[in-house]
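Participant: got a predicted structure here, sequence first:
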Amino acid sequence: MAKRKWVSFDSWYGELFDDRWPLLRASLLKEPVYAELKEGLLKPYYLDEASCLAAESLEAEPGDTVLDMCAAPGGKTLLIALALGGSGRLVANDRSASRRSRLKRVLTEYLPEALLSTVETTSHDATKWGLYEQDAYDRVLLDAPCSSERHVIHSPAHLSRWSPSRSRNLAHQAYAMLSAAYTAVKPGGLVVYSTCALSPLENDGVMKKLLARRKITLVTPRLRYGEPTEFGVQVTPDRDDGRGPMYISRFCK
Ligand SMILES: C[S@@+](CC[C@H](N)C(=O)[O-])C[C@H]1O[C@@H](n2cnc3c(N)ncnc32)[C@H](O)[C@@H]1O
């Protein structure tokens with residue numbers, strides 16, 4: 001079997017984004033733009049503005065049953081809990097024990113008791129969720145583990161481990177999680193798929209595969225910024241005043 005050629009982070013993203021890459025690269029190295037969440041919380045929480053869009057796209061309402069499949073450290077979970085306003089049920093899941101401890105700390109430090117009482121934390125493998133619960137939630141957020149280029153570019157250790165196959169593997173995993181999200185949501189319910197990746201394999205690539213295999217209706221996100229892609233919206237720091245990266249797509253079952 002022919003061996004795959006070694007490809008660097010810069011040459012791969014340079015090919016994907018062409019003339020745009022130098023500016024996009026430079027924007028990834030700058031500080032993200034943070035939103036200050038304070039209304040309804042015990043103290044202010046700071047979250048990348050584009051992350052707020054992902055949670056808002058869920059359009060959760062009081063009384064809803066919501067699953068946040070990959071929830072830690074919990075910024076989006078806080079926003080969903082605020083939207084539920086103390087009525088309904090929010091399952092905040094994360095498989096990593098250390099990140100789950102951080103999630104629990106965030107929830108207890110920032111949420112007033114009336115909102116906290118609607119949140120339950122769990123530790124399941126999101127790829128297997130569909131085996132245990134079907135047609136169970138009004139809303140599901142899958143904020144998937146992803147290439148997270150903004151993080152990678154700041155870390156020589158992560159950069160040295162980066163390869164295109166990492167992105168391919170993350171895309172496979174995200175597809176398994178998104179299929180499970182499809183199974184877990186009620187017919188007529190809404191699923192939001194988000195990543196902080198620039199790699200199209202993990203964004204539209206995953207949605208394309210799901211559209212080919214499941215009966216879903218795309219629901220265009222209502223966003224204040226970002227650019228439309230084939231199946232969703234991409235917020236990128238070079239074009240969105242430092243916000244993102246964040247990809248958001250959503251669908252109804
Ligand atoms: C992008 S982060 C989530 C960020 C979070 N939604 C927020 O807004 O703070 C992805 C999370 O997925 C978790 N994760 C990775 N693989 C998982 C799996 N198979 N099942 C459940 N969670 C998983 C990681 O531990 C990580 O915390």
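Facilitator: Noted; the coordinates are in hand. Quantities reported herein were computed from a predicted structural model and do not represent experimental measurements.
Participant: which positions within stretch 6-21 qualify as buried?
Facilitator: Within stretch 6-21, the residues scored as buried using 16 or more other CB atoms under 10 Å are Phe9, Trp12, Tyr13, Gly14, Phe17, Trp21. (Each C-beta comes from the backbone N, C-alpha and C, glycine too.)
Participant: which residues touch the residue positioned nearest the centre of the chain?
Facilitator: With distances taken as CA atoms, centre = their mean, Asp143 lies nearest the centre of the chain, 2.3 Å away. By CB atoms under 8 Å, 6 or more residues apart in numbering, the contact list for Asp143 reads Ala54, Asp68, Met69, Cys70, Ala71, Lys76, Ser194, Thr195.
Participant: which one is it nearest to, not counting chain neighbours?
Facilitator: In space, and not counting its chain neighbours, Asp143 is closest to Ser194: 4.9 Å by CB to CB, 6 or more residues apart in numbering.
Participant: please report phi then psi for the one you found.
Facilitator: With angles defined as degrees, to the nearest 10, Ser194 sits at phi -130, psi 150.
Participant: can you name the residues bridging to it?
Facilitator: Asp143, Ile248 (DSSP bridges).
Participant: could I get the pLDDT score of it?
Facilitator: At Ser194, the model reports a pLDDT of 98.
Participant: mind naming the longest helix for the chain?
Facilitator: Taking DSSP state H as the criterion, the chain has its longest helix at helix 164-184.
Participant: pull out the buried positions in that one.
Facilitator: So, applying 16+ other CB under 10 Å, buried residues of helix 164-184: 164, 167, 170-171, 173-184.
Participant: go on, stretch 100-110?
Facilitator: Arg100, Leu103, Lys104, Val106, Leu107, Tyr110.
Participant: phi and psi next, for the first one.
Facilitator: Dihedral angles phi and psi of Arg100 (degrees, to the nearest 10) take the values phi -70, psi -40.
Participant: test my guess that it contacts Ala72.
Facilitator: Yes: applying CB atoms under 8 Å, one finds Arg100 in contact with Ala72, separated by 5.7 Å.
Participant: joint contacts of these two?
Facilitator: In contact with both Arg100 and Ala72: Asp94, using CB under 8 Å, 6+ apart.
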